[in-house]
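Enquirer: Starting from these lines, generate the structure:
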Amino acid sequence: MEVVIIKIGFIGAGKVGFSLGKFLKEKNLNVSGYFSKNPESSKEASVFTNTKHFKSIEDLVNESNIIFITVPDNEILNVYSELKSYPLKDKIICHTSGCLSSNIFSDIDNFGAYSYSIHPMFPISQKKESYKYLKDAFFTIEGSYKYLKFMIDLFSSIGVKIISIDSKNKPLYHLASVTASNLFLALFNRSCDYLKQCGFEEKDAVNALYPLIKNNIENIFNVGVINALTGPIERGDINTVKEHIAFMPKEHKKAYCELSKELILIAKNKNKNRDYSDLEKYFEEIDKEFYAKDLNN
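Expert: Model prediction:
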């Protein structure tokens, strides 16, 4: 496909469709418009981005040469099945799933089209605000070889940091994203709960934890994970760890221990002459307790 005029269409008008379309439009790329099974959503998206509201997928296909499917993962194949009813020759078909690869479009060669997954490693939480911050997001792409470089160059030309990954690594890549983003929220929620038990109001708990988290992230960015490590595990302070274990709910202990063992590995890289054997033995004993309980259950 000799792309003379890029025309990017979106099927799906939720948070990702709104945000990515607005971001690309603000970067002066040609966004043709939106189609959604909910016409009100696609109308709203088209107004928000000053693009067309398509009344059918066929209309969108006819006026787009790059098509983004921005729907929930379990709906992607349903959309693709409908897309295949229309001429797709030389068109670029993309989805934005973090976990799924472009291989879900398994028969796309039969239609003369090219498939990609393009994913922003970013928490798109607000339909009309998140686009402002996508300039800071890291994107990944994988898919058909033919236009892979073209798509990378297209995103790079608007200042996006983007790299290609292997299709088979999409679940692992998404696991990394979820661990750093979603699972972090679970840990943050626990931290807030601990502070609320100390008498903090929720807003005060968040305000108290924010500079701790912010500076920790900045340290990781500036000096790396190993040198950013502080705290009782890094110091080898087993007594403090025991106090933590004694105070926390039973259902929190396993996660605390598993994450602490990960911290020991980091600490041993930072302090090669420090002895962490007491901590390691302590967590081994706790592991045995968990194992015994699992057997009894």
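
Enquirer: going forward, measure contacts between C-alpha atoms and count neighbours the same way
Expert: Will do.

Enquirer: Following element in sequence after the host helix or strand of Ile217, please.
Expert: Assessed by DSSP states H and E, Ile217 sits inside helix 202-228. Downstream of helix 202-228, the first helix or strand assigned by DSSP H and E is helix 232-235.

Enquirer: The following helix or strand past that next one: how far from the chain's middle?
Expert: Note on helix 232-235: by DSSP H and E, the next helix or strand toward the C-terminus is helix 238-247. Relative to its chain's centre, helix 238-247 lies at 33 Å (CA atoms, centre = their mean, to the nearest Å).

Enquirer: Please name every helix or strand in contact with helix 238-247.
Expert: Applying 3 or more CA pairs under 8 Å, 6 or more residues apart in numbering; DSSP states H and E, we find helix 238-247 packed against helix 232-235.

Enquirer: ok, and what's touching the helix it packs on?
Expert: 238, 240-241, 260, 263-264, 267, 279 (CA atoms under 8 Å, 6 or more residues apart in numbering).

Enquirer: that older thread, would you mark the buried spots in the helix holding Ile217?
Expert: Within helix 202-228, the residues scored as buried using 16 or more other CA atoms under 10 Å are 205-206, 216, 219, 226, 228.

Enquirer: Val71 in helix, strand or coil?
Expert: Under DSSP: H, G, I helix; E, B strand; the rest coil, Val71 falls in the coil class.

Enquirer: Check Asp90 too.
Expert: Classified using three-state DSSP, Asp90 is coil.

Enquirer: my read: it touches Ser115, true?
Expert: No: applying CA atoms under 8 Å, one finds Asp90 not in contact with Ser115, separated by 10.4 Å.

Enquirer: shaky segments in the chain?
Expert: 1-4, 293-297 (pLDDT under 70).

Enquirer: residue boundaries of the strands in the protein?
Expert: 8-11, 31-35, 52-53, 66-69, 92-95, 114-121, 138-143, 161-164 (DSSP state E).

Enquirer: Show me what the third one is packed up against.
Expert: Identification of packing neighbours for strand 52-53 by 3+ CA pairs under 8 Å, 6+ apart yields strand 31-35, helix 39-49.

Enquirer: wait, which of the ones you listed is closest to Cys198?
Expert: helix 39-49 (44.4 Å; CA to CA).

Enquirer: Could you chop this protein up by domain?
Expert: 8-165, 173-295 (the TED database).

Enquirer: winner for burial among the ones you listed?
Expert: domain 8-165 (a mean of 19; mean count of other CA atoms under 10 Å).

Enquirer: Let me have the helices and strands packed on strand 52-53 in CSV, extended by distance to Ser125.
Expert: Converted to CSV, the helices and strands packed on strand 52-53 look like this (distance: least, CA to CA, whole Å):
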stretch, distance to Ser125
strand 31-35, 20
helix 39-49, 16
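
Enquirer: out of the ones you listed, which comes closest to Leu172?
Expert: Taking these one by one with CA to CA, strand 31-35 is closest: 30.9 Å.

Enquirer: could you list every residue that touches Gly98?
Expert: 119-120, 170-171, 173-174 are the contacts of Gly98 under CA under 8 Å, 6+ apart.

Enquirer: let's see 7 Å
Expert: 119, 170, 174 (CA atoms under 7 Å, 6 or more residues apart in numbering).
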